[in-house]
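Novice: for reference, the sequence and a predicted model appear below.
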Amino acid sequence: MTLEDTKINVKIKLAALWVSLVLIYLYADLFGFYIPGHIEDIIAGELAGFQITPLLLLGFMTLMTLPSLMVFLSLILKPKVNRWANIVIGIFQLIFVLGGIIDPNIYFVFASSVESVILLLIIWYAWTWPTQED
């Protein structure tokens, strides 16, 4: 007997990858609270060397909102728009992840590496989106 291997639609693959990315973003940030002095820095109004301001928090919120929305958008957008949204937002998020990988904590380097692989998969699946004859 051979186990059935069902072909998974590219939209579902993309949505699942975005979910995975969001979860790893959340866990990486959550585990950061276990680093000695991190909570004290936040209480003092500093995050990763930056002063915590409403504008900084808006920027972080925007960065986290995009992949969260892409879970749903990957399922509902028309293929052409969907493909380009995944490529453009995937590249944007990848730049953000690679820019933040300077953190010396091994857990964060690992998380950033996994995030980068997920984003490269998102970009690749979108780029190689199957075509059909009109």
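Specialist: Ah, there it is. Numbering: from 1, shown residues only.
Novice: quick check: which ranges of this structure have low pLDDT?
Specialist: The chain contains residues with pLDDT under 70 at 103, 134.
Novice: where's the most centrally placed residue in it relative to Phe50, distance?
Specialist: Nearest to the mean C-alpha position of the chain, counting by C-alpha atoms, centre = their mean, stands Leu21 at 4.0 Å. With distances taken as C-beta to C-beta, to the nearest Å, Leu21 is found 23 Å from Phe50. Glycine gets a C-beta too; all of them are placed from N, C-alpha and C.
Novice: Asn105 is in contact with Ile35, isn't it?
Specialist: Yes. Using C-beta atoms under 8 Å, Asn105 is in contact with Ile35, at 6.5 Å.
Novice: which neighbours do these two share?
Specialist: Counting by C-beta atoms under 8 Å, 6 or more residues apart in numbering, Asn105 and Ile35 have no contacts in common.
Novice: residues contacting Ala85?
Specialist: Residues counted as contacts of Ala85 (C-beta under 8 Å, 6+ apart) are 70, 73-74, 77.
Novice: and it, how close does it get to Asp41?
Specialist: Using C-beta to C-beta, Ala85 is found at 35 Å from Asp41.
Novice: before we move on, what about Gly32?
Specialist: Distance of Gly32 to Asp41, given as C-beta to C-beta: 10 Å.
Novice: tell me which of these two has more neighbours.
Specialist: Neighbour count, other C-beta atoms under 10 Å: between Gly32 and Asp41, Gly32 has more, with 18 against 14.
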